[in-house]
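Peer 1: coords please:
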Amino acid sequence: MKRRTFLTASSLSIVGLSGCLGDTEYRITDTAVDASLERLSLSVRLPVAAATIEHPAALALTLENDGDEPIRIRSYGVWPFGVLALAPSPTPDESAWKTTLFSPSYGASDRVEVDRGGSSMSMDGTPIIGTLGPDETVSRRYELRGDDLSRAGTHFVVEKFEGRASGYSTDDGWEPLDYRIRLTIEEKGRLPV
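Peer 2: The predicted structure is shown next:
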């Protein structure tokens, strides 16, 4: 009787894990940044390129004031980049699938609300305005969970919420924080089931 109980429990454990073990893992193999920002430069680096079952991939965005004057940055949710996602196009419409990029700064913000599993998110529509001084840089980490990604291929970093684009000001008017970050993502492989 004990052997039968053990075999049943073992079989149920393997079936329960098979969904996790069969998940595809991803690796970010290439990044490209195209930015046309006056007196600002934007860069991206990959502290963690592989999205595994246990750990998300991570990218760090850095914004630097290359000028001699302070620059105001306006964003929504978190400063200075806002709430970001990946999309199949740099200008997706509302019906396009967007994969949320998670940031540790979401938890520190009182303007972003993410449920415990990360399946739903809301954002306060009040802008956050901060200043980036001359030669000052600010970096933010964003994470990509492999199980959130719908497919490998080329993806673009975009604003998660329509109409909530970040901007900057060097005088009285606001310009869009106009940049394009392209990621090339490949399937890393499937773990055996």
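
Peer 1: need the next SSE after the helix or strand bottoming out on mean pLDDT in the chain, C-terminal direction.
Peer 2: When the helices and strands of the chain are scored by mean pLDDT, DSSP states H and E, helix 2-21 comes last with a mean of 39. Once helix 2-21 ends, the next helix or strand along the chain (criterion: DSSP states H and E) is strand 24-35.

Peer 1: wait, what's in contact with the spatially most central residue of the chain?
Peer 2: Residue closest to the average C-alpha location in the chain (CA atoms, centre = their mean): L101, at 2.3 Å. Neighbouring residues of L101 by CB atoms under 8 Å, 6 or more residues apart in numbering: L59, L84, A85, L86, Y142, E143, L144, V157, K160. Backbone N, C-alpha and C define where each C-beta goes, glycine included.

Peer 1: now swap in E38 and tell me
Peer 2: Taking CB under 8 Å, 6+ apart, one finds G67, T170, E175 in contact with E38.

Peer 1: Separate out the buried members of these.
Peer 2: T170 (16 or more other CB atoms under 10 Å).

Peer 1: Could you export the contacts of E38 as CSV, including distance to T24 and pLDDT?
Peer 2: Putting the contacts of E38 into CSV (distance: CB to CB, whole Å; pLDDT from 0 to 100) gives the following:
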residue, distance to T24, pLDDT
G67, 44, 93
T170, 44, 85
E175, 39, 92
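
Peer 1: Inside strands: which ones of the contacts of E38?
Peer 2: E175 (DSSP state E).

Peer 1: ok, the contacts of E38 vs R111, which is closest?
Peer 2: E175 (22.3 Å; CB to CB).

Peer 1: returning to that earlier point: from the contacts of L101, list the buried ones, please.
Peer 2: The neighbour-count criterion (16+ other CB under 10 Å) marks L59, L84, A85, L86, Y142, E143, L144, V157, K160 among the contacts of L101 as buried.

Peer 1: So what does the nearest residue to G153 once chain neighbours are set aside have for phi and psi?
Peer 2: Distance criterion CB to CB, 6 or more residues apart in numbering; nearest residue to G153, sequence neighbours excluded, is I185 at 6.5 Å. The phi and psi torsions at I185 (degrees, to the nearest 10) take the values phi -120, psi 130.

Peer 1: P88 contacts H155, correct?
Peer 2: Yes. Between P88 and H155 there is a contact at 6.5 Å, judged by CB atoms under 8 Å.

Peer 1: Mind checking which of those two has more residues around it?
Peer 2: A direct count of neighbours by other CB atoms under 10 Å for P88 and H155 places H155 higher, at 24 against 16.
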